[in-house]
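S.K.: Have a look; sequence and predicted model below, questions after that.
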Amino acid sequence: MNLSKESSSSTDLDDLVSSNDMGGRKPNGLQLKVILSVAFIWALFQLWIASPFPYVMDSDLLRWNSNQARSIHLAFAIFLVFLSFPFSSRSPVHKIPVADWGIAIVASLCASYYLIEYDNIATRVGAPITQDLIVACIGIPLLFEAARRSLGITLPLIAFIFLIYNFFGNYMPEMIAHKGFGLSEIVNHQWITTEGVFGIALGVSTDFVFLFVLFGSLLDKAGAGNYFIQLAFACLGHFRGGPAKAAVVASGLTGLISGSSIANVVTTGTFTVPMMKKVGFSAEKAGAVEVASSVNGQIMPPVMGAAAFLMVEYVGISYLDVIKHAFLPAVISYIGLVYIVHLEALKANMQGIAKPNSRVSLANKLAAFIFGFLSLCVLSAVVYYGLGWVKNITGDDSVFVVSALVIAAYVGLLYIGSRKPKLVDTNDQDLSELPAPGQIFVSGMYYLLPVVVLVWCLMIERLSPGLSAFWAALLTIFMIVTKPWLEGVFRKEANRSSLQGLKDLFDGMVTGARNMASISIATATAGVIVGVVSQTSVGAVLADVVEALSFGNITLMLILVAILCMILGMGLPTTANYIVVSSLMATVIVEVGASNGLVVPLIAVHLFVFYFGLMADVTPPVGLASFAAAAVSGGSPIKTGVIAFKYALRTAVLPFLFIFNSDLLLINVSVAQGVFIFVIATLAMLIFTAATQGYFFVKNRWWETAALLLIAFSIFRPGFWIDKFVAPHHYVEINEFINQKGQVEAGTPLKIRVEEEGYSGDIERSTHMLIARETNDIESILAQAGLQLYITDSAVEVDSVDIGSDAYEAGFEAFQFVKGLDVSNKQPSNLFVYVPSLLLLAGIVVLQRRRRSISQR
């Protein structure tokens with residue numbers, strides 16, 4: 001690889017991220033100032049509506065409800081997109097044409113229409129007037145054009161096809177036909193109500209996503225991104241293939257605050273990819289590691305590319321529950337990727353980067369680790385109980401006291417960090433020898449404070465995600481403004497610029513807002529698809545199509561859904577990706593699964609489609625993250641994508657596993673069970689990785705690869721083998737179960753089979769799951785779940801279902817007949833599978849270690 005290609009200019013890479021996230025247009029003078037000013041005002045608006053200040057003011061002048069805020073949010077976004085993204089590659093880049101100014105203003109007014117006419121719209125629900133029709137007929141095409149400019153043709157094309165289907169459903173083939181809707185009905189649904197463009201997706205973008213993207217931008221502008229990367233390299237760079245392992249960890253850390261796979265690739269990749277190539281990785285493999293780790297950042301809580309907040313709305317569980325359920329698969333997937341890198345390093349006999357000449361014994365390292373862990377525990381206890389005591393003493397003034405304590409902690413940590421050498425920018429640093437991890441960690445501990453505040457507000461104070469992000473962003477803003485001056489004072493530097501902090505703050509606010517413009521357009525455009533799904537029966541139609549193609553086979557059905565998710569997700573940003581695949585494919589798994597006896601928690605279904613939607617970022621020929629990584633590494637984009645897809649197989653396996661074994665999502669498990677599940681699942685993931693990479697201690701023989709796959713599958717899902725000998729359930733007629741008057745223990749999952757007459761007159765069968773809330777007889781449990789039953793000697797019929805009850809959420813409907821339920825059988829322990837699997841694994845380890853020792857002689 002020649003030098004000029006190997007060292008891609010940072011300008012080109014900045015242009016790549018800028019054109020993808022903020023638009024390729026670079027106007028000068030007054031035009032640029034308008035864009036920057038609008039972006040800054042938008043960021044201020046979002047901080048204002050997320051703060052508690054509007055609620056403590058008596059005036060309604062600066063207070064908007066959620067629906068009104070969505071309209072303002074979209075107006076800002078669409079205005080910025082038309083100014084920042086050119087019409088085509090031939091359009092001027094350094095100036096904004098007059099036509100784009102006009103389109104931006106008109107589009108912004110159309111988006112503001114919901115706000116301007118808010119009171120009048122409320123009086124004519126379901127009966128749009130001519131003015132409504134005109135605005136919507138202008139606004140929707142302009143929204144599609146904004147999406148085309150900022151996101152590419154894929155999303156607006158899908159939305160347009162769905163709109164056509166909405167209009168002409170009566171002309172469609174019989175399987176997908178519906179009555180069709182008129183212009184007035186569609187306009188009312190898509191633009192005047194909150195079912196379409198101004199629906200849940202745009203609401204989540206307004207209330208939560210903007211704040212987290214802004215927080216990430218501000219934290220990066222403060223220097224946290226550089227700190228995370230250098231800390232990862234200092235800790236892991238000396239291991240075999242160390243730069244690649246550090247790249248995985250660094251991408252995971254930046255993924256916590258990033259909402260874009262491509263931005264993640266370029267941000268960390270400009271530093272990590274050259275280091276990986278330096279220790280022996282090819283350009284394609286270095287790029288593939290960066291792609292796999294950066295895309296994985298989108299499945300890592302707490303942000304998950306904004307999907308976490310959407311799941312709260314779509315699944316109907318709390319934000320903390322989403323984080324809890326998504327955490328374990330994400331961590332296991334990252335561990336698997338680190339192991340892939342380790343195996344690649346073993347294959348090529350790579351070495352790490354040299355460490356400083358300091359010999360520390362293993363005992364000292366262990367003692368330091370134990371001391372650090374205990375110190376962290378003590379500090380956490382002091383902070384937890386200390387803040388509780390402060391809040392009890394200070395009462396309503398506690399927010400001011402706690403804020404003062406946090407600021408004091410920041411100043412103290414900054415002073416301690418100033419005693420260490422300054423962190424240089426990663427792009428300017430030559431890591432021929434690694435710095436000491438302790439030195440790096442201490443020099444930037446204050447960067448962790450905003451993250452701690454965020455987690456504290458979410459987990460301990462139980463504040464909303466938006467308010468939690470507001471407080472974290474507010475602290476970050478204070479850090480950005482004060483850090484240059486304070487650090488100059490602590491380091492006794494002559495140049496103590498107080499204006500640099502204000503400039504960095506302005507840049508961070510503008511960058512966060514401009515990054516959000518395309519995401520907001522994506523959520524609004526995807527809202528059109530969601531609106532069509534809610535107005536028509538397309539979800540049920542897709543379920544019928546998939547069921548017909550899969551012949552009722554659950555595994556084949558899941559494979560078809562996974563493929564469809566990857567196709568639908570091609571070329572879409574993470575947020576729009578999840579909205580599209582969840583609105584179309586989640587229903588398919590629920591309905592087809594229920595009719596074939598598979599009942600899984602809804603969060604498992606949504607994580608399944610989310611994971612496979614993200615695989616489109618990796619998979620050729622459209623994998624955008626792979627193209628970005630190839631631009632950094634100088635390798636082939638297609639080859640980079642193929643290798644990245646191979647690395648991503650470990651992530652593709654996890655969704656199938658938690659569909660069949662929801663324990664991986666920590667659903668209804670104790671802490672001890674959770675630890676055991678983590679250890680077992682991690683072991684299985686490492687074994688699966690060794691099998692797919694064809695290397696364990698030495699290169700695998702074909703039968704060893706097959707045996708490792710069998711072992712991994714058995715450890716991941718021991719119930720598959722146990723079920724062959726002892727059935728997991730036995731069926732009991734509902735009348736028989738009622739007559740037994742047995743007690744069902746609290747927490748017991750009940751798979752209840754029902755029948756009903758379909759529209760065609762055929763009997764349709766399905767299975768619904770309820771969880772017993774308390775120990776009681778079956779009749780009482782069903783009543784507590786919200787089912788009102790009409791019981792006779794021959795049948796049990798659902799008379800009505802309480803709205804919002806457990807039974808309602810599980811899919812029960814009036815006039816269904818409850819036929820029976822699957823009662824769990826007592827099964828042998830999983831140890832009957834684990835023990836032989838581990839013995840077989842031990843045999844393979846012995847054989848491979850013997851071959852390795854022979855080859856090393």
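M.R.: Perfect, I can see it now.

S.K.: who's in contact with the spatially most central residue of the chain?
M.R.: Nearest to the geometric centre of the chain sits Met304, at 2.2 Å (CA atoms, centre = their mean). Contact partners of Met304, counting by CB atoms under 8 Å, 6 or more residues apart in numbering, are Gln298, Ala326, Thr574, Phe610. Using the backbone N, CA and C atoms, a C-beta is placed for each residue, glycine as well.

S.K.: same thing but at 7 Å, please
M.R.: Met304 makes contact with Gln298, Ala326, according to CB atoms under 7 Å, 6 or more residues apart in numbering.

S.K.: can you check Leu337 too?
M.R.: Contacts for Leu337 (CB under 7 Å, 6+ apart) come out as Val248, Ala292, Ser293, Asn296, Tyr647, Arg650.

S.K.: Now for it, which secondary structure element holds it?
M.R.: Secondary structure assignment for Leu337, by DSSP states H and E: helix 319-348.

S.K.: hey, which helix or strand in the chain has the poorest pLDDT?
M.R.: Here the helix or strand of the chain ranked lowest by mean pLDDT, DSSP states H and E is helix 3-6, holding a mean of 38.

S.K.: Could you list the domains of this structure?
M.R.: For the chain, automatic domain parsing gives the domain ranges 7-202, 729-824.

S.K.: Looking at the nearest residue to Asn830 once chain neighbours are set aside now. What's its pLDDT?
M.R.: Once flanking residues are discounted, Asn830 sits nearest to Pro718: 4.2 Å by CB to CB, 6 or more residues apart in numbering. We have a pLDDT of 87 for Pro718.

S.K.: surely Pro718 meets Pro836?
M.R.: No. Assessed by CB atoms under 7 Å, Pro718 is found out of contact with Pro836, at 10.5 Å.

S.K.: who has more neighbours, these two?
M.R.: Higher neighbour count among Pro718 and Pro836: Pro718, with 21 against 13, using other CB atoms under 10 Å.

S.K.: Torsion angles phi and psi at that one?
M.R.: Backbone torsions of Pro718, given as degrees, to the nearest 10, read phi -60, psi -30.

S.K.: What residues does it make contact with?
M.R.: With contacts taken as CB under 7 Å, 6+ apart, Pro718 has the following neighbours: Asn830, Val833, Tyr834.

S.K.: if you set the cut-off to 10 Å instead, what comes out?
M.R.: Counting by CB atoms under 10 Å, 6 or more residues apart in numbering, Pro718 touches Asn661, Ile680, Gln827, Pro828, Ser829, Asn830, Leu831, Phe832, Val833, Tyr834, Ser837.

S.K.: Would you mind giving the secondary structure of the third one?
M.R.: Gln827 falls in the coil class when you classify it by DSSP: H, G, I helix; E, B strand; the rest coil.

S.K.: and what of Glu797?
M.R.: Applying three-state DSSP: Glu797 is strand.

S.K.: and what of Leu467?
M.R.: helix.

S.K.: what about the closest residue to it other than its chain neighbours, neighbour count?
M.R.: Distance criterion CB to CB, 6+ apart; nearest residue to Leu467, sequence neighbours excluded, is Ala50 at 6.4 Å. When neighbours are defined as other CB under 10 Å, Ala50 has 26 of them.

S.K.: Following the chain past the helix holding Leu337, name the next helix or strand.
M.R.: Per DSSP H and E, the first helix or strand lying C-terminal to helix 319-348 is helix 362-394.
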